[in-house]
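Novice: Sequence and predicted model, in that order:
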Amino acid sequence: MRSKPLFLVALLCVAATSVQAQQQLTMLATVLDPTTNTPVDTVELGDVRVSEDGVSGKILRVEAVNRVVKVQLMIDNGIGIGSENIGELRKGVRGLLEALPAGVETTIVTTAPQPRFLVRATTSREELLRGVDRLAPDTGAGRFVDGLSEAAQRAQKDKEDTLTVLIMAGTSSGDANVLDRDIQRLIERLESRPSVVHVLLFSGSAGRSATGGLVQTEVGLAVTQMTRGRYENINSMSRYITLMPELGAEVAKQVAASTRQFRIVAERPEGKSGNLGRIGLGIAGKLVSNVTLEAAPAKR
């Protein structure tokens, strides 16, 4: 007897202009066997259901996609951390890197006084850990939005079929005068390519010498909710040290789940146009997760 489909229902974020011209939906999803919680090898066309506002659309094709997962780590090393906490900062970052799977391409960028490479993209854990030893405090404030936006731009330019995991180890210092257009540009860059954003916001030193905090909180919550990432606001460096490896382990799970996905192309239900409604995706007898909506139908 065939199992009933299991449905994941979510509001998927894409630029409105790209959707209005589309009558097809192209989604990427991780599909798991519920008995083993491991990615499946095949998905039958007839087992897939896509709906919009409860109305089913026609499934056009389903194809396996082997994707590369890359990690970008942005670290606020400025006044929000403080020079007295640089040792704890290094310890937390090392724990995160050691929790990532071996061989995952990772980039490390510091954000104070502006975003700059600490370690350029590499799969060498030894090189990454040597970079952490060079991590030094800065008297400037971290650039939270600029750091995320530049990372999203790098992901946007990547020519591989990639899922980018962006981790912002930020603070509530700085970013008091960010323009709305800069935030909008960040959102558009994140929408353009599959990505997951995790934000760790440390506020333990904010009252001492910093401004801002509201922008980081609002933007951090928005981008993590949009990409189904994790947002944590903490005020203790001891929690910072324990949370960073936890976050690395969570990213490792995302890497395992996202390297093999399925691209599902469907026609929107008859009469549907313009901005998307509530999108439901279900596959009979399977678990569905990590759903992203491509801005345009995939070419065959």
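Specialist: Nice, thanks for sending it over.

Novice: OK, contacts around the residue nearest the centre of the chain?
Specialist: Geometric centre of the chain, nearest residue: residue 196, 1.0 Å, by Cα atoms, centre = their mean. Residue 196 makes contact with 163, 164, 165, 166, 227, 228, 229, 254, 290, according to Cβ atoms under 8 Å, 6 or more residues apart in numbering. Every C-beta, even on glycine, is put in place using the N, C-alpha and C of the backbone.

Novice: now residue 152
Specialist: Shown in contact with residue 152 (Cβ under 8 Å, 6+ apart): 164, 166, 186, 189, 190, 193, 195.

Novice: just to revisit the earlier point, between the contacts of residue 196, which is closest to residue 39?
Specialist: Within those, distances to residue 39 taken as Cβ to Cβ reach their minimum at residue 290, with 10.3 Å.

Novice: in stretch 67-86, what's buried?
Specialist: Within stretch 67-86, the residues scored as buried using 16 or more other Cβ atoms under 10 Å are 67, 69-82, 85.

Novice: So what sits opposite the residue nearest to the centre of the chain in the bridge?
Specialist: On the basis of DSSP bridges, residue 196 is bridged to residue 165.

Novice: Packing partners of the host helix or strand of residue 170?
Specialist: If you go by DSSP states H and E, residue 170 is part of strand 162-171. If contacts are counted by 3 or more Cβ pairs under 8 Å, 6 or more residues apart in numbering; DSSP states H and E, strand 162-171 sits against strand 68-75, helix 86-99, helix 144-157, strand 195-202, helix 214-227, helix 237-258.

Novice: And the longest one, what's buried?
Specialist: Buried residues in helix 237-258, defined by neighbour count with 16+ other Cβ under 10 Å: 237, 240-241, 243-245, 247-248, 250-252, 254-255, 257-258.

Novice: For that helix, name the packing helices and strands.
Specialist: Secondary-structure packing of helix 237-258 (3+ Cβ pairs under 8 Å, 6+ apart): strand 24-33, strand 68-75, helix 86-99, strand 162-171, strand 195-202, strand 231-234, strand 287-293.

Novice: what would these look like in TSV with mean pLDDT?
Specialist: Formatted as TSV, the helices and strands packed on helix 237-258 follow (pLDDT from 0 to 100):
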stretch	mean pLDDT
strand 24-33	88
strand 68-75	95
helix 86-99	96
strand 162-171	94
strand 195-202	94
strand 231-234	94
strand 287-293	80
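
Novice: Tell me the predicted confidence for the nearest residue to residue 51 once chain neighbours are set aside.
Specialist: Among residues not flanking residue 51 along the chain, residue 280 sits closest, at 4.2 Å (Cβ to Cβ, 6 or more residues apart in numbering). pLDDT, residue 280: 88.

Novice: Residue 280 pairs with what?
Specialist: residue 9, residue 51.

Novice: what stretches of the protein score poorly on pLDDT?
Specialist: Where the chain drops to pLDDT under 70, the residues are 1-22, 205-212, 257, 295-300.

Novice: Show me the domain layout of it.
Specialist: Structural domains assigned to the chain are 5-60+268-293, 68-256, following automatic domain parsing.

Novice: Export these to CSV and append columns for distance to residue 262.
Specialist: Below are the domains of the chain laid out as CSV (distance: least, Cβ to Cβ, whole Å):
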stretch, distance to residue 262
domain 5-60+268-293, 5
domain 68-256, 13
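
Novice: so of those, which one's packed in deepest?
Specialist: Greatest average neighbour count among the domains of the chain goes to domain 68-256 (a mean of 19), per mean count of other Cβ atoms under 10 Å.

Novice: follow-up on the earlier one: relative to residue 99, which of the buried residues of helix 237-258 is nearest.
Specialist: Using Cβ to Cβ, the buried residues of helix 237-258 come closest to residue 99 at residue 248, 2.9 Å.
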